[in-house]
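Asker: Kindly return the folded structure for what I paste below:
(2 chains)
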Protein chains: 2
Amino acid sequence: MPSETDTPETPRPRYDIDRLKAKLAGIKTEDNPALVRQKSRDFYWYSPTLKRQLDHVAGDIIVSPANEQEVVRVLAAAFELGIPVTPRGTGTGNYGQAMPLSGGIVLDLSGMNKVLAVQPGRFVAEAGAVIAEIDKVARPQAQEIRMHPSTYATASVGGFIAGGSGGVGSITWGGLRDAGNVIRLKVVTMEASPRVLELTGDDLAKVAHAYGTNGIITEVEMPLGPSYRWVDLFLGFDTFERAAAFAGALGEQDGIAKKNIAVVAAPAPQTYFLRHQDYMVPGKHVVIAIIADFAVDAALNFARRQGAELLLRTDKLDEDERRKMPPGFELTWNHTTLRALRVDPAITYLQVLYPFPDQVKLATAIHEKFGDEVVGHLEFVRFDGKVTCFGLPLVRFTTEERLEEIMAIHEDMGAPIFNPHRYTLEEGGMKQTDEVQLAFKKEADPQGLLNPGKMIAWEDPSYDYKSGKTFLFKSLADAGVAS
Amino acid sequence: MPSETDTPETPRPRYDIDRLKAKLAGIKTEDNPALVRQKSRDFYWYSPTLKRQLDHVAGDIIVSPANEQEVVRVLAAAFELGIPVTPRGTGTGNYGQAMPLSGGIVLDLSGMNKVLAVQPGRFVAEAGAVIAEIDKVARPQAQEIRMHPSTYATASVGGFIAGGSGGVGSITWGGLRDAGNVIRLKVVTMEASPRVLELTGDDLAKVAHAYGTNGIITEVEMPLGPSYRWVDLFLGFDTFERAAAFAGALGEQDGIAKKNIAVVAAPAPQTYFLRHQDYMVPGKHVVIAIIADFAVDAALNFARRQGAELLLRTDKLDEDERRKMPPGFELTWNHTTLRALRVDPAITYLQVLYPFPDQVKLATAIHEKFGDEVVGHLEFVRFDGKVTCFGLPLVRFTTEERLEEIMAIHEDMGAPIFNPHRYTLEEGGMKQTDEVQLAFKKEADPQGLLNPGKMIAWEDPSYDYKSGKTFLFKSLADAGVAS
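Answerer: Alright, predicted model coming up:
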């Protein structure tokens, strides 16, 4: 396994960038290598494995279209010149989704950020719109986006759909894959004459969570929910199991309007939640529940009956004190990992499914098995109509081999892993070919120029997912990266 | 069993109504016997059993307080004179909740109907406010009540809490008993000096669904949800089982914003839904799904995959056509029974619980067992965090004995009955003493003057719920009614 400094100069294919620039006259481009390198990365460094594999990755040029017409021009030119195109919103993904493994164009969509319409129950926005900015337009109508990643303040809505799967709000609305959570997408194909398609219904699955490998999302229509004054409740429990059981039971309280329910095992809250530290009690496992203000009494009443200790409720803080703290959701999902990483750079994480209905028992058994090496972190969601939980446990990283071993133990114990240490769709997901997405790629990206290396089914149709081996994309192999 | 005409004159206790009237100077009263009789009834006649038992019931006087201070005066006077008080909203209950079994005062709260406040996520209203009128105030703020009976247009919110358990909206928000579905109640006690109490949290259970037996609810604070343009979808299925399975699966679609999902077996929709008849297809079992306009495509897409035939979607009707139809929720819950009764007066109904997770199998088995005698009708709800269904099947009534037999068969097959042919809290509910409500009655109504005869635990603490006998309140026995 070569160390970072061993990485040789990338023997990258030569693209005719000069001709591209000529064709794109009037469209914003940038080929300063330092800036291109900066825009060629995301939060891949959450994973020590991806950090080793992808650290050298960079595109050749950033192209920043201002509107859909410019996207069409860029794709037509790139198609003609055979230059790969890797779309990017604001680069908040964790798996190298937006990293151009074969170089070429980084298609920066962050300038396409207009909120085009807000109506009762829905909004339309350009793909590069930052989610928090959409809410600034929706809130005066007492509405807000129903679901968002913990990177709410910086993530683009198109990037969320192309690279996310759910997050804050999923305790009420399920995941992005669920019918009704995306209404309509506009997508530009990668052809000689790029088409602009409107996808709805079943067709949404063609491009949702496809990392932009088979079309460029330019416009998004999604539902809105009611915007309430949300209150962060921090509740302490003596055991991880009791915290997890309470979180699930609170999730099943149908009458309580809620936005997120997370469990973070001690000592993580006490160690990593620096702005909340004064309120955390040593040894207490913490449930972070984000509840509508009018439901706080009901939630606390329920919590008391379940043996919770109230550590903090943000609606009782004075304004100054509250302003010093990040919103509660910025302690959850991947932000839990981020806060741990800031304190201890040796931390990494996993993504775990604990199948319903034994999720609490299984999560507890796994938590107890690993002790301090894997610190429990659960996010409760609705999944196929039931309340269950995913895990994003914090792992004290030692070696890639041990990391693999920890994942294997999870799977042996009955908890499937969505591996966040892989950059391909399949290895990070269902470990099987998505025939719908593959078929759409054949139609919409016949030359295979969109975000190369991310869809194994395209790169190597004979790949055996059960081999236990890590897929290594040719461009990376050529760059001297070992799997 | 005496027939209606056999019912003798009620040998009712004598109350000093003249002295009462003198004490209530300035408060609206009415003792015209025809009008008092009219206000002494509710929809008890849904049940042939209750019709026989309660048809003669009437109070002595209607008292219509205009505000809480007047309620306090009425209760103080009634306490002093030993006159029973039976509260009444708009009389849309089905179990004789608002019927004064021992005569006395009918406390008509329908004049206390002010909407006092609408804020983000909540409203405050007087108990007599009609639910539809609350929404007229909330809708300009893009909000509406989260849950209501099918008698939305006429039912009072206080009556809903005192006598209801859930309804339209319960597919999203669970039942009234669930934490968070009522925020606060103001209640006046029946004492020499009536107290005005504010109940929240666990204390709400003291008076919720207590039929006004232990306090008079005068003010209600409840949550509001987003008001959307709701669309009624009518979907046809070849078998009852497939309709029921689809309804449950649609209920589990977390991303689809929904208000109600009902299943009505053929031939009820074709026979009883007179304004929708033209769209119903012979033999098709119908799912009525009320879905937010922006989620209709997702719902129909899902429905098509499950083999549904779209019979009607109200968003595609022209305005004239739509205006001729009642809203979809007025075909569901107890309105299904009402529409059947209007066509066939021999119809009555049951209230059935099919325990999760085998609800579809059990409901289907029961539906098939009875054939045409019991026509399946399911209402899907969230219950303890899971999607399941209640049944309100339509029963072709022959005799009370057969009705009892049908209920016994349900219970033998594993489906508990909430008996709608009983006027007591316990027999219509959990068939056990509610210790919390009983304890509160001892404190708040020491003379037992509030809605006498409805709480068995008060009237006859030694009553054996397992006896299989119907409880008969003394006032009714004195009136010559057999159990």
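Asker: Only C-alpha atoms from now on, for both contacts and neighbour counts.
Answerer: Will do.
Asker: ok but A:T364 is inside a strand, no?
Answerer: No. Counting by DSSP: H, G, I helix; E, B strand; the rest coil, A:T364 is not part of a strand but helix.
Asker: Contacts only, for A:S47.
Answerer: Neighbour list for A:S47: A:Y95, A:T348, A:Y349, A:P420, A:H421 [criterion: C-alpha atoms under 8 Å, 6 or more residues apart in numbering or on different chains].
Asker: What is the burial count for the closest residue to the fourth one other than its chain neighbours?
Answerer: The shortest distance from A:P420 to any residue other than its chain neighbours is 5.8 Å, reached at A:G428 (C-alpha to C-alpha, 6 or more residues apart in numbering or on different chains). A count of nearby residues for A:G428, using other C-alpha atoms under 10 Å in any protein chain shown, gives 16.
Asker: Now do stretch A:192-206, average pLDDT.
Answerer: In this model, stretch A:192-206 has a mean pLDDT of 97.
Asker: who touches it?
Answerer: A:72, A:75-76, A:79-80, A:177, A:179, A:182-189, A:436-437, A:440, B:297-298, B:301.
Asker: quick one: A:E443 is in a helix?
Answerer: Yes. Applying three-state DSSP, one finds A:E443 inside a helix.
Asker: now chain A, which segments are flagged as low pLDDT?
Answerer: A:1-13 (pLDDT under 70).
Asker: With adjacent residues omitted, what lies nearest to the most centrally placed residue in it?
Answerer: Chain A has A:G164 as the residue nearest its centroid, 4.0 Å off, counting by C-alpha atoms, centre = their mean. Nearest residue to A:G164, sequence neighbours excluded (C-alpha to C-alpha, 6+ apart): A:H209, at 6.2 Å.
Asker: these two touch, right, A:P267 and A:G283?
Answerer: Yes. Between A:P267 and A:G283 there is a contact under C-alpha atoms under 8 Å: 6.4 Å.
Asker: re the thing from before, export the contacts of A:S47 as TSV, with columns for secondary structure.
Answerer: Below are the contacts of A:S47 laid out as TSV (three-state DSSP):
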residue	secondary structure
A:Y95	coil
A:T348	strand
A:Y349	strand
A:P420	coil
A:H421	coil
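Asker: want to throw the residues you listed into TSV with distance to B:P84 and neighbour count?
Answerer: Shown next, in TSV, are the contacts of A:S47 (distance: C-alpha to C-alpha, whole Å; neighbours: other C-alpha atoms under 10 Å in any protein chain shown):
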residue	distance to B:P84	neighbour count
A:Y95	71	27
A:T348	69	26
A:Y349	66	28
A:P420	69	24
A:H421	72	28
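Asker: just to revisit the earlier point, may I see the ChimeraX selection of the buried members of the contacts of stretch A:192-206?
Answerer: In ChimeraX syntax, the buried subset of the contacts of stretch A:192-206 is picked out as below (16 or more other C-alpha atoms under 10 Å in any protein chain shown):
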select /A:72,75,76,79,177,179,182,183,184,185,186,187,188,189,437,440 /B:297,298,301
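Asker: Restricted to strands, list the contacts of stretch A:192-206.
Answerer: Residues of these located in strands (DSSP state E): A:R184, A:L185, A:K186, A:V187, A:V188.
Asker: quick one, what contacts the second one?
Answerer: Okay, so that is A:L185. By C-alpha under 8 Å, 6+ apart, the neighbours of A:L185 are A:E198, A:L199, A:T200, A:L204, A:I217, A:T218, A:E219, A:V220, A:E221.
Asker: One more: the fourth one?
Answerer: Contacts for A:V187 (C-alpha under 8 Å, 6+ apart) come out as A:V196, A:L197, A:E198, A:L199, A:G215, A:I216, A:I217, A:T218, A:E219.
Asker: Equivalent analysis for A:E426, please.
Answerer: Counted by C-alpha under 8 Å, 6+ apart, A:E426 has contacts A:Q432, A:T433, A:D434, A:M455, A:I456.
Asker: now with 7 Å?
Answerer: A:E426 sits next to A:Q432, A:T433, A:M455, A:I456 when contact means C-alpha atoms under 7 Å, 6 or more residues apart in numbering or on different chains.
Asker: Alongside chain B, which residues does chain A contribute?
Answerer: A:120-121, A:173-174, A:178-181, A:201, A:226, A:228, A:252-256, A:294-295, A:297-298, A:301, A:382, A:384-387 (C-alpha under 7 Å from any C-alpha of the partner chain).
Asker: all helices for the stretch 351-483 of chain A, in order.
Answerer: Ranges of helices in the stretch 351-483 of chain A, per DSSP state H, counting those that start in this stretch, are A:359-370, A:400-412, A:425-428, A:435-444, A:456-459, A:474-478.
Asker: For the second one, which residues meet the burial criterion?
Answerer: Which is helix A:400-412. Buried residues in helix A:400-412 (16+ other C-alpha under 10 Å): A:L403, A:I406, A:M407, A:I409, A:H410.
Asker: Report the separation between the last one and B:A66.
Answerer: Plainly put, A:H410 is 65 Å away from B:A66 if you go by C-alpha to C-alpha, to the nearest Å.
Asker: ok, now the second one?
Answerer: A:I406 sits 69 Å away from B:A66 when distances are taken as C-alpha to C-alpha.
Asker: repeat for the first one
Answerer: The gap separating A:L403 from B:A66 is 71 Å, by C-alpha to C-alpha.
Asker: show me what contacts A:V71?
Answerer: Counted by C-alpha under 7 Å, 6+ apart, A:V71 has contacts A:P65.
Asker: If we use 10 Å, what do you get?
Answerer: A:27, A:63-65, A:77, A:107, A:109, A:112, A:188-189, A:194, A:196, A:216-218 (C-alpha atoms under 10 Å, 6 or more residues apart in numbering or on different chains).
Asker: Ok, A:K474 next?
Answerer: A:L101, A:S102, A:P452, A:G453, A:E459, A:G480, A:V481.
Asker: Out of those residues, which end up buried?
Answerer: The buried subset of those (16+ other C-alpha under 10 Å) comprises A:L101, A:S102, A:P452, A:G453, A:G480, A:V481.
Asker: what are the phi and psi angles of the third one?
Answerer: So that's A:P452. Phi and psi for A:P452, reported as degrees, to the nearest 10, are phi -60, psi 150.
Asker: A:Q38 versus that one, what's the distance?
Answerer: 19 Å.
Asker: The fourth one too?
Answerer: Shown here: A:G453 relative to A:Q38, a distance of 20 Å by C-alpha to C-alpha.
Asker: Then A:L341?
Answerer: Taking C-alpha to C-alpha, one finds A:L341 at 20 Å from A:Q38.
Asker: Among those two, which residue is more densely surrounded?
Answerer: In this view A:L341 and A:Q38 are compared by other C-alpha under 10 Å, and A:L341 has more residues nearby, 17 against 13.
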